[in-house]
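**Q** Give the three-dimensional model of this entry:
(2 chains)
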2 protein chains.
Amino acid sequence: MRDFTFYNPTRVEFGKDKERAIGSYMAPYGVKKALLVYGSERIKTSGLYDRVAKSLGENGIDFVTLGGIKSNPVVSKAREGVRIAKEESVDAVLAVGGGSVLDTAKVIAAGAVYDGDVWDLCSYKKYPDAALKIFDILTLSATGSEMNASAVITNEETTEKFGFSSPAAFPTVSVINPELQESVTNEYLAYSAVDILSHCMDLYFTASYIPGITANYIENMIKTVIRTTNALLKNPGDYEARSEFAWAAAQALNRTTFAGVEGNRYDSHLIEHSLSALYDVPHGAGLSVVYPAWMNWHYSQNPTRYERFARQIFDQQTAEAGIEALTHWFVSIGAPVKLEQLHITQDKIEEIAAHIYRTIEMARMQPLYPKETIIELLNRM
Amino acid sequence: MRDFTFYNPTRVEFGKDKERAIGSYMAPYGVKKALLVYGSERIKTSGLYDRVAKSLGENGIDFVTLGGIKSNPVVSKAREGVRIAKEESVDAVLAVGGGSVLDTAKVIAAGAVYDGDVWDLCSYKKYPDAALKIFDILTLSATGSEMNASAVITNEETTEKFGFSSPAAFPTVSVINPELQESVTNEYLAYSAVDILSHCMDLYFTASYIPGITANYIENMIKTVIRTTNALLKNPGDYEARSEFAWAAAQALNRTTFAGVEGNRYDSHLIEHSLSALYDVPHGAGLSVVYPAWMNWHYSQNPTRYERFARQIFDQQTAEAGIEALTHWFVSIGAPVKLEQLHITQDKIEEIAAHIYRTIEMARMQPLYPKETIIELLNRM
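**A** Residues are numbered from 1 along each chain as shown, chains lettered A, B, ... in the order given. Coordinates of the predicted model:
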């Protein structure tokens, strides 16, 4: 194994009704007043909001709110949250929602203890080395943000989709109650599944070296997501499948997949972030379009890994057959595999490629491929 | 999945030469003076002691020492450590050694902030809710103590082998440099392998319910340990195998194996602790004697799990064939499988059974089986 550091101090409270105890999870950290961040008003009709408010009240925690966080969350909302957090002197941020809400909460938590514009912290201008305490009640498992130190957010004025990763952004306690995810639509279940798989596969396919123990771990996450997604599309009330899906999402990006790995990159995420930043498509939908084209172009660079993937995941003997099986699976769960399904036309390809290259420059990354390759890849999508 | 809490704040610094930075890992926590706990004086001839002392010095950390910790560590040494820690006002304990040294360090760390006898904390009299900061440089991977909140120690006056589990006992930083383990003898490698497997198998075989994602995770640890032990017996210098073995040991008892599991017990550990407490046999050697007899007696209670084990681990079709394959594997790596190999004669069986029952009472556990069953089991060993 290559040298690594593993660190993940987030406490996960996993299971039924756990959100009813959220106040008791927060109070021991001295939280007196929180900013509750959420997405749609559905949490009020579902009763979730009331359960949270009750538990906070019982534990002597006052709170103010910021609702209306959308998928592909935007920095203007985070700025609004930072303003409220500062004005109201909150000492914690509580996200109630999916990855977009949680990432916004992380950005707010970092911005609340920073004097400048919060976008500085997301655009590599200033490292966010401190933040308010972050707590969350997860209502959609996909991004893995509930058990990691990262946040991604879009500046809608510049269409930049950036973010940060800092130990200060680990949630202190994440509540994962799979029952809260039963109302997720099949469409978003599919996008979530693709997102989780991509967290596994970006690393699995690009790494120049993966130790056996870590490769097996990643394959376990991939197989679990495929198995449980199939089960949930048949029966959304399948709690066993729902809970394994949720735990796989958290484990897929809690850093265990990186243990001892060398040379991994984030190709599909890099390309997809430009799609969702420019055209506001769901992240998972963008990823399922990027993946088949990217794999077909990329597999000759790491044929042994792709052959192993085919064998382990789909019981197929060749890299090509494995890619085909995954693409078929995407189609079978209703995930798009072509740009036109996202209503993105071929004349946008130059614009997308330019956006990807701008991101690479801003993030001071090594260019993955020449721009012509990016264009060729996009043409295949 | 059943409800669970996952929490593991230990930072693992894994890889070559990492012990050279130990002072820099400790200094940010305000450590000014540490108690360095170790086993044999070999760490001085090997140069490890000097490297540690140098790094501590470079980071302004003073230290005092306590050497001579043995396998099956004893509370008298921990008492000595507590006395030194208090007299010298140390603010951290640094273990340099294997699980016995680390467990002693944990007991000292808890005892140093407790006014009474440290054995109170180990014998269920007083819960250890606080401790000095614990750091370690691991030289033998087996117990998993480097990434968990538990410690086990023997009171040599009463032959009680007890311990505690408390969040205060998580190491703050654990250094795992697999190279430091290259000098482990084949004998102790085998015992360590059995110990790690038993951490996986106690849970795997006794749990009434294990979700698929967790069962696969456990199987990955078991397969990794078997594969890498075979490789290391052939070539002790195989760094890849050594590092995967070490990471499997840490992951086997870092609480991930418990995620969503119901009804697990610690049968083999409970029985073995009496063997090592009474006759000072190596823990892993005791376990490899306990396991075949226990499995042959137990498998009818959970046949599906044993069949899965046989299939997944040894490509065998029946529970019996799986147990036989594991027993053969123990023999093949030089682990004992009969009490007589530990020089424990049949006339001790009543004494052992009585000891096991005393432990059950002291720990206020539910009796696993009637005492006659324990005796029958011991007779089969």
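**Q** A:Val64: what's it in contact with?
**A** A:Lys33, A:Ala34, A:Leu35, A:Leu36, A:Ile84, A:Glu88, A:Val90 (CB atoms under 8 Å, 6 or more residues apart in numbering or on different chains). Every residue, glycine included, has its C-beta placed from N, CA and C.
**Q** if we take those residues, which one ends up nearest to chain B?
**A** Relative to chain B, the closest of the contacts of A:Val64 is A:Ala34; by CB to the nearest CB it sits at 20.8 Å.
**Q** A:Phe135 against A:Tyr25, yeah?
**A** Yes. If you go by CB atoms under 8 Å, A:Phe135 and A:Tyr25 touch, sitting 6.7 Å apart.
**Q** okay, and the common contacts of these two?
**A** With the criterion set as CB under 8 Å, 6+ apart, the overlap between the contacts of A:Phe135 and A:Tyr25 is A:Val173, A:Val175.
**Q** okay, these two: which has more neighbours?
**A** Set A:Phe135 next to A:Tyr25 and count neighbours by other CB atoms under 10 Å in any protein chain shown: A:Phe135 wins out with 28 against 23.
**Q** Looks to me like the more buried one is in a strand.
**A** Yes. Residue state for A:Phe135 (DSSP: H, G, I helix; E, B strand; the rest coil) corresponds to a strand.
**Q** Which residue does the stretch 51-200 of chain A have closest to chain B?
**A** A:Pro178 (7.7 Å).
**Q** Might you report the residue contacts of that residue?
**A** Counting by CB under 8 Å, 6+ apart, the residues that A:Pro178 touches are A:Gly15, A:Lys16, A:Ser141, A:Tyr239, A:Arg242, A:Ser243, A:Phe245, A:Ala246, B:Met1.
**Q** Helices - which of those land there?
**A** If you go by DSSP state H, the contacts of A:Pro178 have A:Tyr239, A:Arg242, A:Ser243, A:Phe245, A:Ala246 in helices.
**Q** and which of the residues you listed is nearest chain B?
**A** Using CB to the nearest CB, A:Ser243 is the member of the ones in helices among the contacts of A:Pro178 that sits closest to chain B, with 3.9 Å.
**Q** Give the burial count for that closest one, as a bare number.
**A** There are 28 residues near A:Ser243, going by other CB under 10 Å.
**Q** returning to what we had before: of the ones in helices among the contacts of A:Pro178, list those near chain B.
**A** Applying CB under 8 Å from any CB of the partner chain, the subset of the ones in helices among the contacts of A:Pro178 adjacent to chain B comprises A:Ser243.
**Q** If any of the ones in helices among the contacts of A:Pro178 are buried, put those into a PyMOL selection.
**A** Buried residues among the ones in helices among the contacts of A:Pro178 (16 or more other CB atoms under 10 Å in any protein chain shown), as a PyMOL selection:
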select buried, chain A and resi 242+243+245+246
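**Q** a markdown table for the ones in helices among the contacts of A:Pro178, including pLDDT?
**A** Shown next, in a markdown table, are those (pLDDT from 0 to 100):
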| residue | pLDDT |
| --- | --- |
| A:Tyr239 | 98 |
| A:Arg242 | 98 |
| A:Ser243 | 98 |
| A:Phe245 | 98 |
| A:Ala246 | 98 |
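**Q** Save the ones in helices among the contacts of A:Pro178 as TSV, and put in distance to A:Val74 too.
**A** What follows is the ones in helices among the contacts of A:Pro178, written out as TSV (distance: CB to CB, whole Å):
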residue	distance to A:Val74
A:Tyr239	34
A:Arg242	29
A:Ser243	31
A:Phe245	28
A:Ala246	26
